[in-house]
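> the following comprises the amino acid sequence and a computationally predicted model.
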Amino acid sequence: DVKVTQSSRYLVKRTGEKVFLECVQDMDHENMFWYRQDPGLGLRLIYFSYDVKMKEKGDIPEGYSVSREKKERFSLILESASTNQTSMYLCASSFGGAVGNYGYTFGSGTRLTVV
Amino acid sequence: DQQVKQNSPSLSVQEGRISILNCDYTNSMFDYFLWYKKYPAEGPTFLISISSIKDKNEDGRFTVFLNKSAKHLSLHIVPSQPGDSAVYFCAASATSGSRLTFGEGTQLTVNP
C-alpha cells in the first residue's frame, strides 16, 4: 500500500523554537508539497518541490523553509515558531508533470500547537 | 485571490437523501477538477475527478457535474450515509500545472 508518512501526529512546541516536520513517501513521486489547513481557509500551499534540492514558494511561505535532500523526503522547517503557526500541516506527493486527474496522495497530517 | 470557492461552510442532510456540494472557480485555465474527502485527524483522500472535456463523471454513489460556462461544479452523493460525514474539498489544476488549488471546504453531516 503506497504511503505518505508524516513523522508526528501531534506536536506541542514553545514560541521561538525551531520546529522540523518530516515527510517521507514511498511512491517514487517527483513532486512533494506542504499545506496547512485552517478552519474557513481550506488548504493553503506553503512550499513545494519538483525535484531533489529544488523548492518553490507557495502562497504562504513566510516563516517557513523546506529541505529536500533525498527524493523521498521533504522537510518543513519553522525557523522560530509563533502561535499563529498553530495548525494542521499536511504533506502530499504526486508524479512529475501535470497533476491532471491523478491528484495528490496526502499524509495523515501533523497537528502542531505552538504555546 | 481565491480562485476556488466553496461558499457553504457546512451542509446537513438526512441519511438516504441526496447531498449536493458546490464549488465555483474563476481561473479559465483550470481544466481538471477533483474532490477530496477528509475525516478529522486524517489526511484528505481522493474521491472523484473530472476533466473539462466532460460534463459529468460518475463513480458509484458519487457524481460530479461540471458547468464550464458558469465555472461551477458540484458533487452529488446519493444516497447519503452517516459515514459520508466529513469535510469535502474541491480542487482544480491547469493542464500544464502540477499544483492543485483548493477551496475552503464544506463540512457535510449526514444524520441517521
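Everything's here; your move.

> pLDDT score for A:Val2?
We have a pLDDT of 64 for A:Val2.

> also A:Asn101?
On the pLDDT scale, A:Asn101 gets 67.

> run a quick neighbour tally on A:Cys23.
26 (other C-beta atoms under 10 Å in any protein chain shown). For every residue, glycine as well, the C-beta is placed using N, CA and C.

> tell me how far the residue nearest to the spatial centre of chain A lies from A:Val4.
Per C-alpha atoms, centre = their mean, the C-alpha nearest to the average position across chain A is that of A:Trp34, at 2.6 Å. Applying C-beta to C-beta, to the nearest Å, the value for A:Trp34 to A:Val4 is 11 Å.

> list residues touching both of these two?
Common contacts of A:Trp34 and A:Val4, defined by C-beta atoms under 8 Å, 6 or more residues apart in numbering or on different chains, comprise A:Cys23, A:Cys91.

> who are the contact partners of B:Ala86?
B:Lys37, B:Lys38, B:Tyr39, B:Gln107, B:Leu108.

> tell me the phi and psi of it?
phi -180, psi 180 (degrees, to the nearest 10).

> ok, what's across the strand from it?
B:Leu108 (DSSP bridges).

> quick one, grab the pLDDT at it.
B:Ala86 is given a pLDDT of 97.

> can you tell me which residues contact B:Glu15?
B:Pro79, B:Ser80, B:Gln81, B:Pro82, B:Val110, B:Asn111, B:Pro112.

> for the residue nearest to the centre of chain A, pull up the helix or strand it's in.
Following DSSP states H and E, the helix or strand that holds A:Trp34 is strand A:31-38.

> sheet-wise, list the partners of that strand with their directions.
Paired neighbours of strand A:31-38 in the sheet (DSSP bridges): strand A:42-49 (antiparallel), strand A:87-94 (antiparallel).

> which parts of chain A sit against chain B?
A:4, A:9, A:31, A:33, A:35, A:37, A:40-45, A:48, A:50, A:58, A:90, A:92, A:94, A:96-101, A:103-109, A:111 (C-beta under 8 Å from any C-beta of the partner chain).

> beta partners of the residue of chain A found nearest chain B?
Proximity of chain A to chain B (C-beta to the nearest C-beta) peaks at A:Phe106, 3.4 Å away. Under DSSP bridges, the beta-bridge partners of A:Phe106 are A:Ala92.
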